[in-house]
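K.L.:
sequence and predicted model, in that order:
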Amino acid sequence: MGRNNAKDIFLNYIKEKGLRYTKQREAILEAFLASGKHITIDDLYNTVKKTNQEIGYATVHRNLKLMTECGLADEIKIGSHKTRFEQKYGHEHHDHLICMKCGKFIEVHDDKIERLQEKLAEANDFAPQRHKLEIYGLCKKCR
């Protein structure tokens, strides 16, 4: 599971939607995959703009939404902070501890919590497809 698989997923999704896979789309996808962090649309736009002066903000925004729709990205929104996106495909599941003051994200994974969520779903005869756990509070620096 690497960049080529991610590109294939995006390319197939674009084709399904009747859209073309352009050099601009490729540049945006490459920049997103290279970012390796929680990134805002502004961050991605500024990165792509360095090598592709003709790309507009709306183009970056639309393509990031397409990446989210096809499962390559996850959207994270915290209160009034700007929406951030993180890579989903090829990355192990994790949950987030999120500081409401500075917006810091701490990625966490706990097998006990995962098993508990599975038990809760089973006890309620529920078949989960995906989940996201976000715990909001104040980081050590902001307390």
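P.N.:
Everything's here; your move.
K.L.:
ok, the residue nearest to Asp95 when sequence neighbours are not counted - contacts?
P.N.:
Among residues not flanking Asp95 along the chain, Leu133 sits closest, at 3.8 Å (C-beta to C-beta, 6 or more residues apart in numbering). (Each C-beta comes from the backbone N, C-alpha and C, glycine too.) Leu133 sits next to 95-96, 113, 117 when contact means C-beta atoms under 8 Å, 6 or more residues apart in numbering.
K.L.:
farthest pair in the residues you listed?
P.N.:
Across these, no pair lies farther apart than His96 and Gln117, at 14.8 Å, counting by C-beta to C-beta.
K.L.:
neighbour-wise, which of those two wins?
P.N.:
Comparing His96 with Gln117 by other C-beta atoms under 10 Å, the one with more neighbours is His96, at 19 against 14.
K.L.:
any figure for the gap between that one and Ala127?
P.N.:
24 Å (C-beta to C-beta, to the nearest Å).
K.L.:
which of the contacts of Leu133 sits closest to Glu86?
P.N.:
His96 (9.0 Å).
K.L.:
cool, thanks, talk later.
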